[in-house]
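[1] Here is the input, now give the coordinates:
(chains A, B, C and D)
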Number of protein chains: 2
Amino acid sequence: MSSKELQVLEDYIQQNNLKITRQRRAVLNAFLECEKHVSAEELYRIVTQKDPKIGLATVYRTLSLLTHSQLASELDFGDGQKRYEHRYMHSHHDHMICTECGKIIEFNHPLIEKFQEEVASRNGFTITSHKLDIFGLCSECR
Amino acid sequence: MSSKELQVLEDYIQQNNLKITRQRRAVLNAFLECEKHVSAEELYRIVTQKDPKIGLATVYRTLSLLTHSQLASELDFGDGQKRYEHRYMHSHHDHMICTECGKIIEFNHPLIEKFQEEVASRNGFTITSHKLDIFGLCSECR
DNA sequence: GAAGTTTTTGATAATGTTTGCCGACACCAT
DNA sequence: ATGGTGTCGGCAAACATTATCAAAAACTTC
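    Next comes the predicted model:
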């Protein structure tokens, strides 16, 4: 199941002299089956339903692995905990967050990206990453 | 000295049945004299140089007051602590943060703002706030 | 301006997320 | 089996921020 992502993780693991373990596979599978934008705590609850012996620290450590192997992106909407979303075969996008129900809409606007580059180069600034978060009310909560 | 901002704070305080105190005035003055984008800890160090008896909790509480009275904006660049910048008589802007030296460049691009509105209304989304952070290297650190 | 009411203060404890630590454990090659 | 390396789980520690609470200050009313 979803062997492409597992292959990516195994490649990264082998390139860094790490080891493939039952726990890492479990966290990866739970992450892949999961809805997007999970927090570490949420993922921990999901994983321990299938395998109660997995520790919270292992979830954090594996999420770090997933981030470094480009399978996951780390998000921070400023509510005190980080979230993670699928990154493999997903293109860059920004987020609209409904502050009422928590729904997250992903979007991408090529011209916004382009003008960011423009503003940066006008200031002699080299972009390594950027994030645009829009907060408000979704159509159902308005 | 900068009586306009003090007046704004006093108005807010009176409208909410709060009280004007020596400590609140001290934190406000330190904030106003300070360079932009201060953290609570930094502001605490500045305030206690003039008035060593002021507690850290009071700085946090007063920063919350300043934020609610629209004198300050709360910023979160994802480095684990919040920062505060002047808001009174300052227009909205976004930030470019140099990950090497910490320098922050403020900018505003009307078209970026406009396209955000466009994307939001296309999704039936009502914007209450938004933030665009660009991370990278400034011209001196490149 | 004194008494009474309400809010604020400072010190410290508590919170909540994330990371560090450590002895036990799994895996692989010899 | 044995040794070596990396990982695990449980818990302690780190960190910024918030809650708690008795004492102090600020405002109100007379």
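
[2] Only C-alpha atoms from now on, for both contacts and neighbour counts.
    Will do.

[3] got the angle for the helix or strand where A:Leu111 lies vs helix B:110-122?
    A:Leu111 is located in helix A:110-122, with elements delineated by DSSP states H and E. Angle of helix A:110-122 versus helix B:110-122, following axes from the mean of the first three to the mean of the last three C-alpha atoms, to 10 degrees, is 160 degrees.

[4] I'd like to know how many residues surround the one residue in chain A that gets nearest to DNA strand D.
    Distance from DNA strand D to each residue of chain A (C-alpha to the nearest atom of the strand) is smallest for A:Ile54, at 2.9 Å. For A:Ile54, the count of nearby residues is 19 (other C-alpha atoms under 10 Å in any protein chain shown).

[5] Is it part of a helix or strand, or is it coil?
    coil (DSSP: H, G, I helix; E, B strand; the rest coil).

[6] Does it touch A:Gln23 like I think?
    Yes. Assessed by C-alpha atoms under 8 Å, A:Ile54 is found in contact with A:Gln23 at 6.7 Å.

[7] Around DNA strand C, pick out the residues from chain A.
    A:21-22, A:39-41, A:56-57, A:60-61, A:80-83 (C-alpha under 7 Å from any atom of the strand).

[8] from these, which would you call buried?
    A:39-40, A:56, A:60, A:82-83 (16 or more other C-alpha atoms under 10 Å in any protein chain shown).

[9] possible to save these as JSON lines with distance to DNA strand D, pLDDT and secondary structure?
    Converted to JSON lines, these look like this (distance: C-alpha to the nearest atom of the strand, whole Å; pLDDT from 0 to 100; DSSP: H, G, I helix; E, B strand; the rest coil):
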{"residue": "A:Ser39", "distance to DNA strand D": "16", "pLDDT": "97", "secondary structure": "strand"}
{"residue": "A:Ala40", "distance to DNA strand D": "13", "pLDDT": "97", "secondary structure": "helix"}
{"residue": "A:Leu56", "distance to DNA strand D": "7", "pLDDT": "97", "secondary structure": "helix"}
{"residue": "A:Tyr60", "distance to DNA strand D": "9", "pLDDT": "98", "secondary structure": "helix"}
{"residue": "A:Lys82", "distance to DNA strand D": "14", "pLDDT": "97", "secondary structure": "coil"}
{"residue": "A:Arg83", "distance to DNA strand D": "17", "pLDDT": "97", "secondary structure": "strand"}
